[in-house]
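> based on what follows, work out the 3D shape:
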Amino acid sequence: MSDLDLIETERLVLSGWRREQLDDLVRLHGDPEISRYFTASGAPWSREKCATRLDEWIAMFETRQLGKLRVTRKADGVMVGRAGFGRASILRNHEQPVEVQPAEEQPVERFGGAARQRAVPGHGQQP
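Have a look, this model is predicted:
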């Protein structure tokens, strides 16, 4: 585990962010098909907004080991998403709370198969 790793499971590592990982966050939050599930407005973030949020998350992690965490696949180190606590309501535009499942168990349609493949290199490919 690195100094930024906070939680490790059999398949995933949840960790703090580094500034040089901005491109991963832009790829995730900049895609409208994906970002609609991450923010209250559902609007994609600009690179500048991603940079601002990343700086906030880094500061929060350094001081409290809280905030948004980077989720990577242990097998190959590829970022597969983010997790953590924020100000937005979990209900967002849904009447019922969102059910959270491991990515492998979620139907591809839920996040848009093509969008997920753009955001997560190697998604859907067998090793």
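> Ala83 against Leu69, yeah?
Yes. Counting by CB atoms under 8 Å, Ala83 does reach Leu69; the two are 5.2 Å apart. To be clear about C-beta, it is placed using only N, CA and C from the backbone, and glycine gets the same treatment.
> more neighbours: these two, which one.
Looking at Ala83 and Leu69 with other CB atoms under 10 Å, you find the greater number of neighbours at Leu69, namely 23 against 12.
> pretty sure the more buried one contacts Gly84?
Yes. With contact defined as CB under 8 Å, Leu69 counts as touching Gly84 (4.7 Å).
> these two touch, right, Phe85 and Gln65?
No. Here Phe85 lies out of contact with Gln65, judged by CB under 8 Å, at a distance of 11.8 Å.
> could I get the full set of strands for the protein?
With DSSP state E as the criterion, the chain has strands at 5-8, 12-15, 68-73, 79-84.
> where are the low-confidence patches of this protein?
Residues of the chain that meet the criterion pLDDT under 70 lie in 1, 86-127.
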